[in-house]
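In: structure for this input, please:
(chains A, B, C and D)
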Protein chains: 2
Amino acid sequence: MASILGVPRSVAEIYALLYIASSPLDFDHIQGRLGISKGSVSQGLKFLRGHEMILSVKEKGARRERWQPTPSLAASLVALLRSQVLPALEQAQPGLQRVLADAQARGAQPEVIERLSRLNRWNSRALELAPLLLPPPGA
Amino acid sequence: MASILGVPRSVAEIYALLYIASSPLDFDHIQGRLGISKGSVSQGLKFLRGHEMILSVKEKGARRERWQPTPSLAASLVALLRSQVLPALEQAQPGLQRVLADAQARGAQPEVIERLSRLNRWNSRALELAPLLLPPPGA
DNA sequence: CTGATGTTTCATTAAATTTTGAACCTAGGC
DNA sequence: GCCTAGGTTCAAAATTTAATGAAACATCAG
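Out: The predicted model follows:
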C-alpha cells in the first residue's frame, strides 16, 4: 500500500500505527513499537505533519507531544496525491508544448499532432481542475 | 511523471519516445535514441507489452518488430494503475479484518472501531467496483 | 543444417532511496 | 543563567531498485 502512494515504508508504518491506536501516541511509544530509530520517527512525523495527516494533542502541563490521525483519511490521501501529482503536471506543461510545437513546425503526420494536442489539452484541463477538486490549505 | 505511476525511468522514456514518434520505432532505434542498454530496452518493451500500452507492427517480409503506442492513452494509464492498486487492496483485506476483529474483541473505544470499520468498508467497496470500472483484458 | 540477425535472460554493477545515530538545537523548570 | 527532557538534523551506512552486458535462445534465409 505504501509504495503506491510513494511514501517510505517507515512513514506508512507510523501512520498505520497511529490510525490503529486507541489513543494518541507519543514519540517514544512510536519508536518502541516499530523498532526504528529516533531519526526515522522524527522525519516520519515531520512528513505526516507537513501533509496534515496527523495532529498533535498537547496535554496541559505535559512536555511531550502525542499524535493522532487527522479525522478524514480521504482528505489526507487526496492531499498526499495532490502534492505529488500537481508539481508533475506543472513541470510537464512547457515540455509538452514544445514537443507539440516542434511536431507542427516540421509538419508531422496529422495523427501524431492530434495525439500530442490531446495530451496537451488533458494536461491543461487537469491543471485548471486541480485547485477546485483539491483545495490547498485554507479553503 | 514516471515516478508517480511507479514505473522505472527507462520504461517511461521508452513509452514517451514511442508516443512522440511520427512512426513505429524498432528495437535498435529505441536503444540508440535513448542511449540505454539492450537489456533495458528489452525489459521495458516487455513491461509495456504486458500492460498493453504498446503494439507491434510487423511488416511483411521484415524480421524486426516495430512498436507504437496503443490507441488510448487513458486506457493504458487505467490498466497500469489497476495492475498496481488491485493487488494491494486484495492483500490488505485480511489484515484489515483481523485488526478490526481484534479491536472489537478487546472492546476498544467506539471511535476507533468506527474508524476501522469505515476503512474496511472502503476497501471492500473498492474491490467490488474495480472489475466494473476497469475491466480486465477481454471485456 | 548453418549462420546471422534480433531478442531475451539474468548475475553483476551501479544508482537511488531509506535508515541510522551521534551531534546539535530548544523550551521550560529550577 | 544552566540543566535536561524532547526533538531535529544530516552525513554516512544499509538497503532497495534499476541498468548493464555477456551468454543463451529463437527464427528465418540460404
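
In: could you find the closest non-adjacent residue to the residue nearest to the spatial centre of chain A?
Out: In chain A, the residue lying closest to the centroid (CA atoms, centre = their mean) is A:Leu80, at 2.2 Å. Once flanking residues are discounted, A:Leu80 sits nearest to A:His51: 5.5 Å by CB to CB, 6 or more residues apart in numbering or on different chains. Just so you know, the C-beta spots here come from the backbone N, C-alpha and C atoms, and that holds for glycine as well.

In: list the residues that contact the one you found.
Out: A:76, A:79-80, A:83 (CB atoms under 8 Å, 6 or more residues apart in numbering or on different chains).

In: same list (these) but as JSON lines, adding secondary structure, pLDDT and distance to A:Arg121.
Out: Shown next, in JSON lines, are these (DSSP: H, G, I helix; E, B strand; the rest coil; pLDDT from 0 to 100; distance: CB to CB, whole Å):
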{"residue": "A:Ser76", "secondary structure": "helix", "pLDDT": "90", "distance to A:Arg121": "30"}
{"residue": "A:Ala79", "secondary structure": "helix", "pLDDT": "86", "distance to A:Arg121": "26"}
{"residue": "A:Leu80", "secondary structure": "helix", "pLDDT": "89", "distance to A:Arg121": "26"}
{"residue": "A:Ser83", "secondary structure": "helix", "pLDDT": "88", "distance to A:Arg121": "24"}
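
In: ok, the residue nearest to A:Leu80 to B:Ile14 distance?
Out: Distance of A:His51 to B:Ile14, given as CB to CB, to the nearest Å: 32 Å.

In: let me see the ranges of the strands in chain A.
Out: Secondary structure of chain A (DSSP state E): strands at A:25-26, A:54-58, A:65-69.

In: weakest of these by average pLDDT?
Out: Least confidently modelled of the strands of chain A is strand A:54-58, at a mean of 90 by mean pLDDT.

In: relative to the whole chain's centre, how far out is that strand?
Out: 20 Å (CA atoms, centre = their mean, to the nearest Å).

In: neighbours around A:Gln84, how many?
Out: By other CB atoms under 10 Å in any protein chain shown, the residues close to A:Gln84 number 13.

In: apologies, that question was intended for A:Glu128.
Out: The burial count for A:Glu128: 9, using other CB under 10 Å.

In: re the thing from before, against DNA strand C, how distant is the residue nearest to the centre of chain A?
Out: Note on A:Leu80: its distance to DNA strand C, by CB to the nearest atom of the strand, to the nearest Å, is 13 Å.

In: that residue contacts A:Leu5, correct?
Out: Yes - between A:Leu80 and A:Leu5 there is a contact at 6.0 Å, judged by CB atoms under 8 Å.

In: how much space separates A:Lys46 from B:Pro24?
Out: Counting by CB to CB, the gap from A:Lys46 to B:Pro24 is 48 Å.

In: the two: who's more crowded?
Out: A count of neighbours by other CB under 10 Å puts B:Pro24 above the other of A:Lys46 and B:Pro24, at 18 against 11.

In: so who does that one touch?
Out: Here B:Pro24 is in contact with B:18, B:56-57, B:66-68 (CB under 8 Å, 6+ apart).

In: A:Ser3 too?
Out: Contacts of A:Ser3 by CB under 8 Å, 6+ apart are B:Gly6.

In: how close does it get to A:Arg33?
Out: As judged by CB to CB, A:Ser3 and A:Arg33 stand 22 Å apart.
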